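1. Sequence plus the predicted model coming up.
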Amino acid sequence: MTPDPRAAEASASPDAHDGGGSLVPALVGAALSLLFIPLLMYLRDGALDLLAFLLAASGGIYWGVAATDPRRGIKVLEGAAGLAFVIMAVLGLWWTSLWIAVGFVLHGAWDFAHHPRGIRTGLRRWFPPFCATFDWLVALYIVLLR
């Protein structure tokens, strides 16, 4: 029996987006990135590998979202987004680190597309501002200091 997509929409929307504003998660994401960037500076040559891994793993989160949502359109959309982040991570290792920076910028934008009035999935309300702030500061690091 096929699950009712409207039931998934109703269940994903209120519970997934309950509570909290976006300023505190954004500040936590910024703080975490400012702690993470010195690690990248310390790793030097290995930093790009770590960043590519994180970008690809971020894409994997959306495969998880796709796998757990009964709506076919969300499965395709989230699966394609996840694949795009993995591809950008690989291009960043094979070609130029700017692909990884672009991937982090686009990942932050994709997270914001999941705000309560956007793409409705099981992502929690705090996740988009947290992750976008982290992603955008890491992308800035890649562009300015690599």
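-> In hand now; what should we look at? Residues are numbered from 1 along each chain as shown.
2. Please tell me how far the residue nearest the centre of the chain sits from residue 72.
-> Nearest to the centroid of the C-alpha atoms of the chain, with distances taken as Cα atoms, centre = their mean, sits residue 107, at 4.5 Å. Look at residue 107 and residue 72: by Cβ to Cβ, to the nearest Å, they are 23 Å apart. Glycine gets a C-beta too; all of them are placed from N, C-alpha and C.
3. rewinding a little: quick one: pLDDT of the residue nearest to the centre of the chain?
-> The predicted local confidence for residue 107 comes out at a pLDDT of 96.
4. How many residues are close by residue 121?
-> For residue 121, the number of neighbouring residues by other Cβ atoms under 10 Å comes to 21.
5. Over to the one 3 residues further on?
-> For residue 124, the tally of surrounding residues (other Cβ under 10 Å) stands at 15.
6. Could you say which helix or strand holds it?
-> Using DSSP states H and E, residue 124 sits within no helix or strand.
7. quick one, phi/psi of it?
-> Dihedral angles phi and psi of residue 124 (degrees, to the nearest 10) take the values phi -70, psi 150.
8. Which pLDDT value belongs to it?
-> In this prediction, residue 124 carries a pLDDT score of 81.
9. Check the gap between it and residue 65 for me.
-> Relative to residue 65, residue 124 is positioned 12 Å away (criterion: Cβ to Cβ).
10. again, but for residue 37
-> Residue 37 is 27 Å from residue 65, where distance means Cβ to Cβ.
11. Of the two, which one has the most company?
-> For the pair residue 37 and residue 65, the greater number of neighbours falls to residue 65 (22 against 17), based on other Cβ under 10 Å.
12. how about the more buried one, what does it touch?
-> By Cβ atoms under 8 Å, 6 or more residues apart in numbering, residue 65 lies in contact with 74, 78, 121, 122, 123.
13. helix/strand/coil for it?
-> With DSSP: H, G, I helix; E, B strand; the rest coil as the basis, the three-state label of residue 65 is helix.
14. do the same with residue 87
-> Residue 87 ends up helix, using three-state DSSP.
15. Many thanks, I have nothing further to ask.
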